[in-house]
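Peer 1: Model the following, please.
(2 chains)
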Number of protein chains: 2
Amino acid sequence: MNALEKLIAANDANKFICVGLDTDIEKIPSFLRSSSKPVLDFNKSIIDVVKEDAAAVKINFAFYESAGYKGIKILSETIDYIPDEILVIGDAKRGDIGNTSKMYAKSVYDHFKCDAVTLNPLLGYDSLEPFLKYEDKLNFILALTSNPGASDFEKQKLDDGIFLYQKIIQKVNKWNTMKNCGIVFGATKSDELRENMNNIGSLPVLLPGIGTQSGNLEEVVYSFKSMKRKQLLINVSRSLIYKSNRKNFAHKAKEELVRLNSKVVKLFES
Amino acid sequence: MNALEKLIAANDANKFICVGLDTDIEKIPSFLRSSSKPVLDFNKSIIDVVKEDAAAVKINFAFYESAGYKGIKILSETIDYIPDEILVIGDAKRGDIGNTSKMYAKSVYDHFKCDAVTLNPLLGYDSLEPFLKYEDKLNFILALTSNPGASDFEKQKLDDGIFLYQKIIQKVNKWNTMKNCGIVFGATKSDELRENMNNIGSLPVLLPGIGTQSGNLEEVVYSFKSMKRKQLLINVSRSLIYKSNRKNFAHKAKEELVRLNSKVVKLFES
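Peer 2: Now for the predicted structure:
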């Protein structure tokens, strides 16, 4: 299965929640820290319990790179541990001039074998092109992000009357000739999401911001339901993987995943 | 010396060229490839010869990450090999929501010990803030990049009549309360550079695009000279480090560095 097929299969099986492995050594249960690879042990425990219910797993490169090459090795070992049928998103927010983006694409897709990536479009088409050449992958391009700073540039109004993030969505639709593009849209921006569903069209959407960032799950699902469309991934990271810091942390993470997923299914069915 | 002091000292010593270590195993001299660490050997040879004349060394993370954790180890060993007095720029184009950017800042500054970094401002202030908290560092924020895709979004005109990249420069000036910000401005965009020197003000400027990308060195230097200001770094990567693929590659790289630097000095003096 290619990346889009994995996403469709997950949604068809009523799986909508993407589990974000933003694994921070400071935040994992303290009893794990005595192991030789605490972050890897934590990730494996989470993967073991979420693999049947997660629509995707998103790995945040920053949390691994901050420990240098040893962290990057853990990133690699974590990805290798995820079952093949699960969509793996390399959350790397990459974007550079073409010559350099080619190396980042090589990294995310050829080396780490991710199915999908998050990309920053500020540098324009040639910064994304090396990723878009991988036709079996899914390239989630930042449109409107979940953070407060989204208002600084993404919500700047252009002289043709639309916001920068809307221009990004328009261009991504144009660049999606291989059906391997999606967008990132913050779940904290549910009004803007609702207003932009037509503009987004059929692009797959990765929605971070539920949980710690307080995005509104009901309103997000409603926007998709009203368009009678799916191909969405609602990402939850901290509020799921750190649900408990006791021995039963993995079990508690799974409970939270099942709870959120059932909630999405019910909202779609209501 | 903090990062800005290193830059000022370099410019005061008539050093303006930043050497970009975009080291690609496919492009280094073939006789090096039989070594156990060809990329590190190549970098050390270049550093040995350029250390007296380079204003800075810029390490492009993509070229190392593409080889996974082994590549990241080489990145680390390369940085460790660069003499303390030389400004080391981690060319990483990072930018994410605050919680994640904090980890990238930890990576670039605490782990890899870079003096400076390149940052992508699309996600706005809170995506840059974790980097800006390091007051002794220099944060080069992308304004107008050297690549063709710069026209897709950076050169979108906003409804207040200025381009997005000009809005970025305005905000960076506002955010520069600790004197630890600079901008990245493509040397291929020399007309825009000249027209924006007032807007840029006293911000340090990193200028990629000379060499393979055909930026105009004369016009770039003229813009700074006409404002009677320095604090600039003209980056040269491929056309310098790959000047020759023979035994004398390091010597040839140094010749190119000295040639370009002398040219800048003469342009300032003319």
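
Peer 1: OK, contacts around the closest residue to residue A:149 other than its chain neighbours?
Peer 2: Distance criterion Cβ to Cβ, 6 or more residues apart in numbering or on different chains; nearest residue to residue A:149, sequence neighbours excluded, is residue B:124 at 2.3 Å. Just so you know, the C-beta spots here come from the backbone N, C-alpha and C atoms, and that holds for glycine as well. Going by Cβ atoms under 8 Å, 6 or more residues apart in numbering or on different chains, residue B:124 touches A:147, A:148, A:149, A:150, A:151, A:152, A:153, A:154.

Peer 1: with those residues in mind, which one is nearest to residue A:234?
Peer 2: Closest approach to residue A:234 among the contacts of residue B:124 (Cβ to Cβ): residue A:147, at 16.8 Å.

Peer 1: In this structure the closest one contacts residue B:128, no?
Peer 2: No. Contact criterion Cβ atoms under 8 Å: residue A:147 and residue B:128 do not qualify, at 11.1 Å.

Peer 1: Could you report the separation of the residue of chain A most remote from its centre from residue A:166?
Peer 2: Distance to the chain centre peaks in chain A at residue A:159, reaching 31.1 Å (criterion: Cα atoms, centre = their mean). Distance, residue A:159 to residue A:166, by Cβ to Cβ, to the nearest Å: 13 Å.

Peer 1: and what of residue A:125?
Peer 2: Taking Cβ to Cβ, one finds residue A:125 at 17 Å from residue A:166.

Peer 1: Could you check which of those two is surrounded by more residues?
Peer 2: residue A:166 (22 against 18; other Cβ atoms under 10 Å in any protein chain shown).

Peer 1: Next, the angle helix B:164-175 makes with the host helix or strand of that one.
Peer 2: Here residue A:166 sits within helix A:164-175, counting by DSSP states H and E. Per axes from the mean of the first three to the mean of the last three Cα atoms, to 10 degrees, the angle that helix A:164-175 makes with helix B:164-175 is 140 degrees.

Peer 1: so does helix A:164-175 get close to chain B?
Peer 2: Yes. Using Cβ under 8 Å from any Cβ of the partner chain, a contact is recorded between helix A:164-175 and chain B, made by A:164, A:167, A:168, A:171.

Peer 1: ok, so of those residues, who is nearest residue A:16?
Peer 2: residue A:168 (23.7 Å).

Peer 1: quick one: residue A:25 from residue B:126, how far?
Peer 2: Taken as Cβ to Cβ, the span from residue A:25 to residue B:126 is 23 Å.

Peer 1: more neighbours, those two?
Peer 2: residue B:126 (19 against 15).

Peer 1: pretty sure that one is touching residue B:98, no?
Peer 2: Yes. Look at residue B:126 against residue B:98 with Cβ under 8 Å: they come within range, at 4.2 Å.

Peer 1: overlap in contacts of those two?
Peer 2: A:147, A:149.

Peer 1: Now do stretch A:35-46: everything it contacts.
Peer 2: Counting by Cβ under 8 Å, 6+ apart, A:19, A:21, A:23, A:25, A:28-29, A:32, A:64, A:67, A:71, A:74, A:77-78, A:81, A:241, A:249-250, A:253 sit against stretch A:35-46.

Peer 1: if we go to 10 Å?
Peer 2: With contacts defined as Cβ atoms under 10 Å, 6 or more residues apart in numbering or on different chains, stretch A:35-46 is touched by A:19, A:21, A:23-25, A:27-33, A:54, A:57, A:59, A:63-64, A:67, A:70-71, A:73-79, A:81-82, A:240-242, A:249-251, A:253-254, A:257.

Peer 1: Let's see which of those end up in helices.
Peer 2: A:63-64, A:70-71, A:73-79, A:81, A:240-241, A:249-251, A:253-254, A:257 (DSSP state H).

Peer 1: Can I have the buried ones of those as a PyMOL selection?
Peer 2: With 16 or more other Cβ atoms under 10 Å in any protein chain shown as the criterion, this PyMOL line picks the buried residues out of those:
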select buried, chain A and resi 63+64+71+73+74+75+76+78+79+240+241+249+250+253+254+257
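
Peer 1: tell me, which of the ones in helices among the contacts of stretch A:35-46 make contact with chain B?
Peer 2: A:63, A:64, A:70, A:71, A:73, A:74, A:75, A:76, A:77 (Cβ under 10 Å from any Cβ of the partner chain).

Peer 1: roughly how far apart are the fifth one and residue B:23?
Peer 2: So the one you mean is residue A:73. Counting by Cβ to Cβ, the gap from residue A:73 to residue B:23 is 21 Å.

Peer 1: Residue A:130 too?
Peer 2: For residue A:130, the distance to residue B:23 - Cβ to Cβ - is 18 Å.

Peer 1: Looking at these two now, which is surrounded by more residues?
Peer 2: residue B:23 (24 against 20).

Peer 1: picking up where we left off before, now the common contact residues for residue A:147 and residue B:128.
Peer 2: In contact with both residue A:147 and residue B:128: B:98, B:101, using Cβ under 10 Å, 6+ apart.

Peer 1: what's around residue A:217, how many residues?
Peer 2: Count around residue A:217 with other Cβ under 10 Å applied: 21.

Peer 1: pretty sure it contacts residue A:210?
Peer 2: Yes. Using Cβ atoms under 10 Å as the test, residue A:217 is close enough to residue A:210 to be in contact (5.5 Å).

Peer 1: Common neighbours of these two, please.
Peer 2: A:17, A:187, A:234, A:236, A:260, A:264.

Peer 1: Hmm, the second one is touching residue A:216, no?
Peer 2: Yes. In this structure, residue A:187 is within contact of residue A:216 by Cβ under 10 Å, at 7.0 Å.

Peer 1: Show me the common contact partners of these two, please.
Peer 2: With Cβ under 10 Å, 6+ apart, residue A:187 and residue A:216 have common neighbours A:193, A:209, A:210.

Peer 1: Which of those are buried, as a PyMOL select command?
Peer 2: To isolate the buried members of those in PyMOL, using 16+ other Cβ under 10 Å:
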select buried, chain A and resi 193+209+210
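
Peer 1: Would you reformat the shared contacts of residue A:187 and residue A:216 as JSON lines and include pLDDT and secondary structure?
Peer 2: Compiled in JSON lines, these are given as follows (pLDDT from 0 to 100; DSSP: H, G, I helix; E, B strand; the rest coil):
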{"residue": "A:193", "pLDDT": "98", "secondary structure": "helix"}
{"residue": "A:209", "pLDDT": "91", "secondary structure": "coil"}
{"residue": "A:210", "pLDDT": "91", "secondary structure": "coil"}
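
Peer 1: Which of the shared contacts of residue A:187 and residue A:216 sits closest to residue A:140?
Peer 2: residue A:209 (13.8 Å).

Peer 1: how about the strands of the stretch 151-270 of chain A, start to end?
Peer 2: Counting by DSSP state E, counting those that start in this stretch, the segments of the stretch 151-270 of chain A that form strands are A:181-185, A:205-207, A:232-236.

Peer 1: With the stretch 1-150 of chain A instead?
Peer 2: Under DSSP E, counting those that start in this stretch, the stretch 1-150 of chain A gives strands at A:17-21, A:56-60, A:87-94, A:116-119, A:138-144.

Peer 1: partners of the shortest one, with directions?
Peer 2: With DSSP bridges as the criterion, the sheet partners recorded for strand A:116-119 are strand A:87-94 (parallel), strand A:138-144 (parallel).

Peer 1: Could I get those strands in a markdown table, plus columns for distance to residue A:221 and mean pLDDT?
Peer 2: Listed next are the strands paired with strand A:116-119 as a markdown table, based on distance: least, Cβ to Cβ, whole Å; pLDDT from 0 to 100:
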| stretch | distance to residue A:221 | mean pLDDT |
| --- | --- | --- |
| strand A:87-94 | 19 | 98 |
| strand A:138-144 | 17 | 98 |
